[in-house]
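Colleague: Provide a 3D model corresponding to the input given below.
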Amino acid sequence: MATALDTGVTVIRDPATGDEVGRVPQCGPAEAAEAIGRAAEAFPGWWETPAAKRGEIVRAGAEAVLAQRDELARQLTLEQGKPLREARIEITRFVHTIEHYAGLAKSLRGAYVPSLDVRTHGLVVKRPLGVVVAIVPWNFPTTLLGNKLGPALVCGNTLVAKPAETTPLTTLRIAELMREAGLPEDVFRVVTGKGSVLGEALVTDPRVAKVAFTGSTPVGIRVAELAARGVKRVTLELGGSDPMIVLDDADLDAAVSAASVGRFFNCGQACLAVKRLFVHERVADELVEKLRAKVAKLTLGAGAADGTMLGPLHSEAQREILEEQVSATLGQGGELLAGGKRPDGDGFAGGWFYEPTLVLEPPRDSKLAVEEVFGPALPIWTVGGLDEAIQRANASRFGLGSSIWTHDLTAATIAAEKLEAGYTWVNSPQIVYDELPFGGFGESGLGKEHGNEALDYYQESKSVVVRQSP
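Modeller: Predicted coordinates:
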């Protein structure tokens, strides 16, 4: 969490204790303009750097980050709240993504089209866009930065990043490490401040060619509106309410493990978290009991403490939203199976802790059913079969991720085709791979990150016609 001071400084605090862990400048339009101006000046030189060389420089930056993984993980835990183990995973994931795109640098290419006419051929030339603004949320500050930074830099763009107001420290350190490893200073810049002030200044600057945003759907819509005034490119990775379907022939132990990790990793604060669970009625009782037992073993505590499996929510506001969603839902109906409250004990008094929560059969129009739930609360419903499960899974304005557990290849194929989501996992935990495109349907976003497809969102295609002399 963060506290703004009158001096133009933001104090960053540990969500587990409220203790101060750092201070950063509260930048505004002037600092935004300066950062964009310097990135614009650096763009021609970075574009002219051979793509293979850009890849080498970016890879060296990734290696420098990996060498400091433990330092960065501890910093990330202190400002975000997640357990140290999860913070290490996140830093490693950032490095993998950057290295993946560094490896693709030598594969950047256009196209040749022969025989357009007599003595005439065509070329498709790929070129970078220019200055990219990356606006990154607080739940995965480094992973979601890497999704934008890797393809943007490898394609020859320069990038200005605005981390969330409450989680800027790890991002600032990563930028410092990458510069020390040889990345030109103004190719990747970081500015810190409020989204409503700094973010809007960045998005509306006419020198910005593209905005890459990850965050809530309402803020994403605002970003798109502002970017449209300048006809800027945008990619939006927004909210989700991911369904998980478990059929009666599934491996229940594996499904329970995936549901627990998928819902409670990062204290449930993930766009791709499992947020709605649909279980075939023939195995529902067994699965629910297995899940209750697994959830009971989750150890709550400060992210930096040994043995912590579930840290605090990131902020007081996040906990208040979750409490209202759970309370309002239970007021309508449903059976509380676990959690539903703040944990007892002096060790939890200073942070934003909430017990892992399971609610059975909440009303279909309840907040847990229709809103994005960004915290450790999972609603569970029984279904009669695949058709009902898919119909209810698709009854959402979101369409980010989805999963199904079954040994029936036909059922899995039908679900993969019919589930209205940008990602579907079959008998697999919710892991995003750099090799595959990632992006949502509906109000979950616009455009793609990851995969070779991400490169297209950081390049412009230009057609060239060449007529040869007789």
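Colleague: and Ala328, how far from Leu236?
Modeller: 28 Å (Cβ to Cβ, to the nearest Å). Where C-beta positions appear, they are placed from N, C-alpha and C, glycine not excepted.
Colleague: okay, the two: which has more neighbours?
Modeller: Leu236 (24 against 14; other Cβ atoms under 10 Å).
Colleague: contacts only, for the more buried one.
Modeller: 213-214, 220, 223-224, 445-447 (Cβ atoms under 8 Å, 6 or more residues apart in numbering).
Colleague: again, only using 7 Å
Modeller: Neighbouring residues of Leu236 by Cβ atoms under 7 Å, 6 or more residues apart in numbering: 213, 220, 223-224, 445-447.
Colleague: okay, and which of those map to strands?
Modeller: 213, 445-446 (DSSP state E).
Colleague: and the nearest residue to Gly333 once chain neighbours are set aside, how far is that from Thr299?
Modeller: In space, and not counting its chain neighbours, Gly333 is closest to Pro363: 5.0 Å by Cβ to Cβ, 6 or more residues apart in numbering. Counting by Cβ to Cβ, the gap from Pro363 to Thr299 is 32 Å.
Colleague: more neighbours, those two?
Modeller: Here Pro363 and Thr299 are compared on neighbour count by other Cβ under 10 Å; more neighbours surround Pro363, at 16 against 11.
Colleague: re earlier: which of the contacts of Leu236 tops the neighbour count?
Modeller: For the contacts of Leu236, the largest neighbour count, defined by other Cβ under 10 Å, is 30 neighbours, found at Phe213.
Colleague: tell me the bridge partners for that residue.
Modeller: Ile135, Leu236 (DSSP bridges).
Colleague: number the chain from 4, please
Modeller: Sounds good: first residue 4 from here, last item Phe216.
Colleague: now do the contacts for it.
Modeller: Phe216 touches 138, 223, 226, 237, 239, counting by Cβ under 7 Å, 6+ apart.
Colleague: the second one against Glu240, yeah?
Modeller: No: counting by Cβ atoms under 7 Å, Glu240 is not a contact partner of Gly223; they are 8.1 Å apart.
Colleague: contact partners for the residue nearest to Gly336?
Modeller: Residues near Pro366 by Cβ under 7 Å, 6+ apart: 335-337, 372.
Colleague: export those to a markdown table and tack on pLDDT?
Modeller: Listed next are the contacts of Pro366 as a markdown table, based on pLDDT from 0 to 100:
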| residue | pLDDT |
| --- | --- |
| Gln335 | 97 |
| Gly336 | 97 |
| Gly337 | 97 |
| Ala372 | 97 |
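Colleague: which parts of the stretch 154-303 of the chain are strands?
Modeller: Under the criterion DSSP state E, counting those that start in this stretch, the stretch 154-303 of the chain contains strands at 161-165, 191-193, 211-217, 236-240, 245-249, 277-283.
Colleague: which one of the ones you listed is the most hemmed in?
Modeller: Among the strands of the stretch 154-303 of the chain, strand 245-249 has the highest mean neighbour count (mean count of other Cβ atoms under 10 Å), at a mean of 28.
Colleague: for that one, packing partners?
Modeller: helix 255-267, strand 277-283, helix 389-396, strand 404-408 (3 or more Cβ pairs under 7 Å, 6 or more residues apart in numbering; DSSP states H and E).
Colleague: okay, the angle between the shortest one and strand 245-249?
Modeller: In this case it means strand 404-408. If you take axes from the mean of the first three to the mean of the last three Cα atoms, to 10 degrees, strand 404-408 sits at 10 degrees to strand 245-249.
Colleague: which neighbouring elements make contact with strand 404-408?
Modeller: Packing partners of strand 404-408 (3+ Cβ pairs under 7 Å, 6+ apart): strand 245-249, strand 426-429.
Colleague: next helix or strand past it?
Modeller: Heading C-terminal from strand 404-408, the first helix or strand you meet, by DSSP states H and E, is helix 412-421.
Colleague: measure how buried Val291 is and give me the count.
Modeller: Counted with other Cβ under 10 Å, Val291 comes out at 19.
Colleague: pretty sure it contacts Trp384?
Modeller: No: using Cβ under 7 Å, Val291 is not in contact with Trp384, being 10.8 Å away.
Colleague: still on that earlier bit, export the helices and strands packed on strand 404-408 to CSV and append columns for mean pLDDT and distance to Arg295.
Modeller: Below are the helices and strands packed on strand 404-408 laid out as CSV (pLDDT from 0 to 100; distance: least, Cβ to Cβ, whole Å):
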stretch, mean pLDDT, distance to Arg295
strand 245-249, 98, 15
strand 426-429, 98, 23
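Colleague: CSV for these, including distance to Leu162?
Modeller: Formatted as CSV, the entries for the helices and strands packed on strand 404-408 read as follows, by distance: least, Cβ to Cβ, whole Å:
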stretch, distance to Leu162
strand 245-249, 29
strand 426-429, 25
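Colleague: centre of the chain versus stretch 153-165, how much separation?
Modeller: On the basis of Cα atoms, centre = their mean, to the nearest Å, stretch 153-165 sits 17 Å off its chain's mean C-alpha point.
Colleague: pull the CA atoms of that stretch into CSV?
Modeller: C-alpha atoms of stretch 153-165 as CSV (Å, rounded to 0.1, in the frame of the first residue of the first chain):
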residue,chain,number,x,y,z
GLY,A,153,10.3,-7.8,-24.0
PRO,A,154,8.5,-7.5,-27.3
ALA,A,155,8.6,-3.7,-27.3
LEU,A,156,12.4,-3.4,-26.9
VAL,A,157,13.2,-6.3,-29.2
CYS,A,158,11.1,-4.8,-32.0
GLY,A,159,13.0,-1.5,-31.7
ASN,A,160,10.6,0.6,-29.6
THR,A,161,11.5,2.6,-26.5
LEU,A,162,9.4,2.3,-23.5
VAL,A,163,8.2,4.4,-20.5
ALA,A,164,6.7,2.3,-17.7
LYS,A,165,4.4,3.5,-15.0
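Colleague: centroid-nearest residue for this protein?
Modeller: Nearest to the mean C-alpha position of the chain, by Cα atoms, centre = their mean, lies Leu147 at 4.8 Å.
Colleague: rounded mean pLDDT for the helix or strand containing that one, please.
Modeller: Using DSSP H and E, Leu147 sits in helix 146-157. Helix 146-157 shows a mean pLDDT of 98.
Colleague: so which elements touch that helix?
Modeller: By 3+ Cβ pairs under 7 Å, 6+ apart, helix 146-157 packs against helix 54-70, helix 87-106, strand 134-138, strand 161-165.
Colleague: quick check: angle from that helix to helix 54-70?
Modeller: Going by the same axes, to 10 degrees, helix 146-157 makes 150 degrees with helix 54-70.
Colleague: can you list contacts of helix 146-157?
Modeller: Identification of contacts with helix 146-157 by Cβ under 7 Å, 6+ apart yields 57-58, 61, 93, 96-97, 100-101, 103-105, 107-108, 135, 137, 139-140, 162, 164, 174, 190-191, 215, 217, 452-453, 457-458, 461.
Colleague: one more: stretch 254-261?
Modeller: Contacts to stretch 254-261, defined as Cβ under 7 Å, 6+ apart, come from residues 249, 286, 289-290, 293-294, 297, 408, 432.
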